[in-house]
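Undergrad: How does the following fold in three dimensions:
(4 chains)
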2 protein chains.
Amino acid sequence: MSDMPSCQFESRPRRIVIGAGGAQTDFCTTCSVRPTSVCSVIGPDDISRLSDAAVETIIPPGRGFIEEGAPATDFFNVTSGTVKLFKALPDGRRQITGFASPGHFLGLAVSDNYAFGAEAVDTVRVCRFSRDKMADLLDDFPKLERRLLEEASNELVAAQNQMLLLGRKTARERVASFLLDQMHASQLPGQESSGGRLHLPMTRGDIADYLGLTIETVSRTLSWMRSQGMIEVGKGYAITILSVPKLDVLAAGNT
Amino acid sequence: MSDMPSCQFESRPRRIVIGAGGAQTDFCTTCSVRPTSVCSVIGPDDISRLSDAAVETIIPPGRGFIEEGAPATDFFNVTSGTVKLFKALPDGRRQITGFASPGHFLGLAVSDNYAFGAEAVDTVRVCRFSRDKMADLLDDFPKLERRLLEEASNELVAAQNQMLLLGRKTARERVASFLLDQMHASQLPGQESSGGRLHLPMTRGDIADYLGLTIETVSRTLSWMRSQGMIEVGKGYAITILSVPKLDVLAAGNT
DNA sequence: CGCTCGATTGATTCTGTTCAAGAGGTGTGG
DNA sequence: CCACACCTCTTGAACAGAATCAATCGAGCG
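TA: This is a model prediction of the structure:
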């Protein structure tokens, strides 16, 4: 790992060639998240434009790479791992506003400064775009704008759901909603149907900060759900959902 | 008013002439919120396109005009009054996700169905655009897309702030944040500096549903703030902020 | 005048937090 | 290989903040 100061991360230009015999100059061509990300609107002919603008960056677990309030110099596209986005109060209280998984685009903001912080949950790989390069891409590819609007709208819907959760749901309802959301998210791309088995990359503390609860309440609630036969809590970060219907009833507010 | 069934509202085509001598065909030309709304990106030459697409609608206080889950047939631009946007749980618990004031655009969503409900707080006037007409405008005016993205980004920032409020702030901090937000909102356009005097159009119940509290807690907190010399609670919906610094300290989390 | 509705205030309850202790797992170094 | 520190998670007991239940008050209105 590099020995750069403070809040740093490894990065390498996007065009780097892997392997000896590879004549591969465009990472984007083989990018696994391209089909589901905003990048998909840029066609095969123009893909080099994308590769030129992007810098692949690897971020180790726990490392922050967007600081709330700092100048917004870059945009990011998550290609692997999970990122937590958060806002904090001066005294340290923290609210995680969302988890970004592969394919998610980070940095939507009009302001010159980031409105939120971002930190890697596990090992994360992102494509980094400078503000300038991003502006060029937006000028040259109108479809990109529409796609970003779509992305923003989706996040807005998610944010509204989260506001309902934080403002009006009980602890049990929150945890149930969270587990179901995670299950649905894990079933999105070409992922195998996991039979209710989840691998949550984040800690109890992260879940608590996401749900507006404390670590203890999350732990207690999970234990209660286990006692009700709704879930199975495995070692590490594994949770198995045994009864989706029971969780559904809970999440909808029928305590 | 038309005699349409169920959840309806008065509406009239945008081009209607007011007054006898008026040769005015483009409402949009004289629209007071055009400069600050998404419509501003459509230049004077094309303004008739806008007027043709828009239908002005007047909505009486308390009437809903967007039903959560209903087919998303229209987009709206608020021209006067205040709209509350909300989501609800099956048992009636409700979370107001935002208040839309003049200039705000409603309907950003990718889905075919509205993700939230909307209801007039006071008498509201909106410009209604059908989905089709809106799509045409988006195709013909690329700038509109960028402007909507900007709008969506702003709402996203507001949503993240609200998540922090709902997830991590105490009742006092929530109410303080709310009052300061309302004050800033009232100082935005060409509005006269009100000397801290606010006219909140919404009821205590609306404020409670917005802040994730109960009516009683909102009332008690306002009374407490009054006892601390922070605010003055007038009749009806008037509140005067006596000490912005005190509220700032509260809102930031230094209880 | 009596009705309803919204707001305020009080008394009590309860959900989730805080404080505290212990269990289980992991990595380090002797 | 084991002792130790460290971390996360779990569980228990006491506490606190907001919700709930309830009564009163005032304004608007038929």
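
Undergrad: what's the neighbour count on residue A:245?
TA: By the other CB atoms under 10 Å in any protein chain shown criterion, the neighbourhood of residue A:245 contains 8 residues. Placement of C-beta: from N, CA and C, glycine included.

Undergrad: swap in residue A:73?
TA: Burial measure for residue A:73: 14 neighbouring residues, criterion other CB under 10 Å.

Undergrad: Touching, it and residue A:133? I think so.
TA: No. Applying CB atoms under 8 Å as the test, residue A:73 and residue A:133 come out as separate, 10.9 Å apart.

Undergrad: Report the buried residues of stretch A:174-184.
TA: The neighbour-count criterion (16 or more other CB atoms under 10 Å in any protein chain shown) identifies A:174, A:175, A:176, A:177, A:178, A:179, A:180, A:181, A:182, A:183 as the buried residues of stretch A:174-184.

Undergrad: In helices, which of the residues you listed fall?
TA: Using DSSP state H, A:174, A:175, A:176, A:177, A:178, A:179, A:180, A:181, A:182, A:183 are the members of the buried residues of stretch A:174-184 that sit in helices.

Undergrad: so can I have a markdown table of those residues showing pLDDT?
TA: As requested, these are exported to a markdown table (pLDDT from 0 to 100):
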| residue | pLDDT |
| --- | --- |
| A:174 | 98 |
| A:175 | 98 |
| A:176 | 97 |
| A:177 | 98 |
| A:178 | 98 |
| A:179 | 97 |
| A:180 | 96 |
| A:181 | 96 |
| A:182 | 95 |
| A:183 | 94 |
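
Undergrad: which one of these is nearest DNA strand C?
TA: residue A:174 (7.4 Å; CB to the nearest atom of the strand).

Undergrad: so what's the spatially closest residue to the closest one that is not a sequence neighbour up against?
TA: Among residues not flanking residue A:174 along the chain, residue A:211 sits closest, at 4.4 Å (CB to CB, 6 or more residues apart in numbering or on different chains). Contacts for residue A:211 were tallied using CB atoms under 8 Å, 6 or more residues apart in numbering or on different chains; they are A:165, A:166, A:171, A:174, A:175, A:178, A:218, B:167.

Undergrad: near DNA strand D, which of the residues you listed show up?
TA: Of the entries in these, those that also sit close to DNA strand D under the rule CB under 7 Å from any atom of the strand are residue A:218.

Undergrad: Save the contacts of residue A:211 as a markdown table, and put in distance to DNA strand C too.
TA: Putting the contacts of residue A:211 into a markdown table (distance: CB to the nearest atom of the strand, whole Å) gives the following:
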| residue | distance to DNA strand C |
| --- | --- |
| A:165 | 11 |
| A:166 | 10 |
| A:171 | 4 |
| A:174 | 7 |
| A:175 | 10 |
| A:178 | 13 |
| A:218 | 8 |
| B:167 | 9 |
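
Undergrad: all strands for the stretch 1-150 of chain A, in order.
TA: Using DSSP state E, counting those that start in this stretch, the strands of the stretch 1-150 of chain A run over residues A:10-13, A:54-59, A:64-66, A:74-80, A:83-88, A:94-100, A:105-106, A:117-120, A:124-130.

Undergrad: Could you tell me the least trusted of those?
TA: Of all the strands of the stretch 1-150 of chain A, the minimum mean pLDDT falls on strand A:10-13 (a mean of 48).

Undergrad: wouldn't residue A:183 be in contact with residue A:242 here?
TA: No. With contact taken as CB under 8 Å, residue A:183 and residue A:242 are classed as non-touching, separated by 11.8 Å.

Undergrad: Give the residues shared as contacts by those two.
TA: Taking CB under 8 Å, 6+ apart as the contact rule, residue A:183 and residue A:242 both touch residue A:196.

Undergrad: in what helix or strand does residue A:218 lie?
TA: For residue A:218, the host element (DSSP states H and E) is helix A:215-227.

Undergrad: ok, and what's touching whatever helix or strand comes next after that helix?
TA: Later in the chain than helix A:215-227, the nearest helix or strand by DSSP H and E is strand A:231-233. Taking contacts as CB under 8 Å, 6+ apart, the residues outside strand A:231-233 that touch it are A:179, A:222, A:223, A:225, A:226, A:239, A:240, A:241, A:242, A:247.

Undergrad: And stretch A:153-164, by the same measure?
TA: Outside stretch A:153-164, the residues that reach it (CB under 8 Å, 6+ apart) are A:97-98, A:108, B:85, B:87-89, B:95, B:97, B:108-111, B:115-116, B:152, B:155-156, B:159-160, B:162-163, B:166.

Undergrad: mind checking how far the residue nearest in space to the middle of chain A is from residue B:109?
TA: The C-alpha lying nearest the average C-alpha coordinate of chain A belongs to residue A:100 (CA atoms, centre = their mean; 0.7 Å). For residue A:100, the distance to residue B:109 under the criterion CB to CB, to the nearest Å works out to 20 Å.

Undergrad: just to revisit the earlier point, and the pLDDT for the residue nearest to residue A:174?
TA: The model reports residue A:211 with a pLDDT of 98.

Undergrad: quick one: residue A:66 and residue A:117 touch, right?
TA: Yes. Contact status for residue A:66 versus residue A:117: in contact at 5.6 Å, counting by CB under 8 Å.

Undergrad: so what sits against both of the two?
TA: In contact with both residue A:66 and residue A:117: residue A:85, using CB under 8 Å, 6+ apart.

Undergrad: ok, now which ones touch the spatially closest residue to residue A:31 that is not a sequence neighbour?
TA: In space, residue A:31 comes closest to residue A:79 once its chain neighbours are excluded; the distance is 6.5 Å by CB to CB, 6+ apart. Counting by CB under 8 Å, 6+ apart, residue A:79 makes contact with A:31, A:32, A:33, A:56, A:102, A:125, A:126, A:127.

Undergrad: repeat that with 10 Å
TA: Each residue near residue A:79 by CB atoms under 10 Å, 6 or more residues apart in numbering or on different chains is listed here: A:27, A:31-34, A:37, A:39, A:54, A:56-58, A:102-104, A:124-127.

Undergrad: Kindly report the same for residue A:217.
TA: Residues in contact with residue A:217, defined by CB under 10 Å, 6+ apart, are A:171, A:172, A:174, A:175, A:204, A:208, A:211.

Undergrad: The fourth one and residue A:221 touch, don't they?
TA: Yes. Residue A:175 lies in contact with residue A:221 (CB atoms under 10 Å); the separation is 4.5 Å.

Undergrad: Find residues that contact each of these two.
TA: In contact with both residue A:175 and residue A:221: A:207, A:211, A:213, A:250, using CB under 10 Å, 6+ apart.

Undergrad: Next one: the last one, what pLDDT does it get?
TA: I take that to be residue A:250. Residue A:250 carries a pLDDT score of 94 in this model.

Undergrad: Setting the sequence-adjacent residues aside, check what's closest to it.
TA: Looking at residue A:250 with CB to CB, 6+ apart, the closest residue is residue A:176, at 3.8 Å.

Undergrad: Residue A:218 is in contact with that neighbour, correct?
TA: No. Under the criterion of CB under 10 Å, residue A:176 lies out of contact with residue A:218, with a separation of 11.9 Å.

Undergrad: residues from the stretch 151-255 of chain A in reach of chain B?
TA: By CB under 10 Å from any CB of the partner chain, the part of the stretch 151-255 of chain A that sits against chain B consists of A:151-170, A:173-174, A:208-213, A:251-255.

Undergrad: for stretch A:120-137, how far is the first residue from the last?
TA: With CA to CA, to the nearest Å applied, stretch A:120-137 spans 26 Å between its terminal residues.

Undergrad: So for that stretch, what gets flagged as buried?
TA: A:120, A:121, A:122, A:124, A:125, A:126, A:127, A:128, A:129, A:133, A:134, A:137.

Undergrad: Low-confidence stretches in chain A?
TA: Screening chain A residue by residue with the criterion pLDDT under 70, one finds the ranges A:1-25, A:188-194, A:255.

Undergrad: Please list only the buried members of the contacts of stretch A:153-164.
TA: A:97-98, A:108, B:85, B:87-89, B:95, B:97, B:108-109, B:115-116, B:152, B:155-156, B:159-160, B:162-163, B:166.
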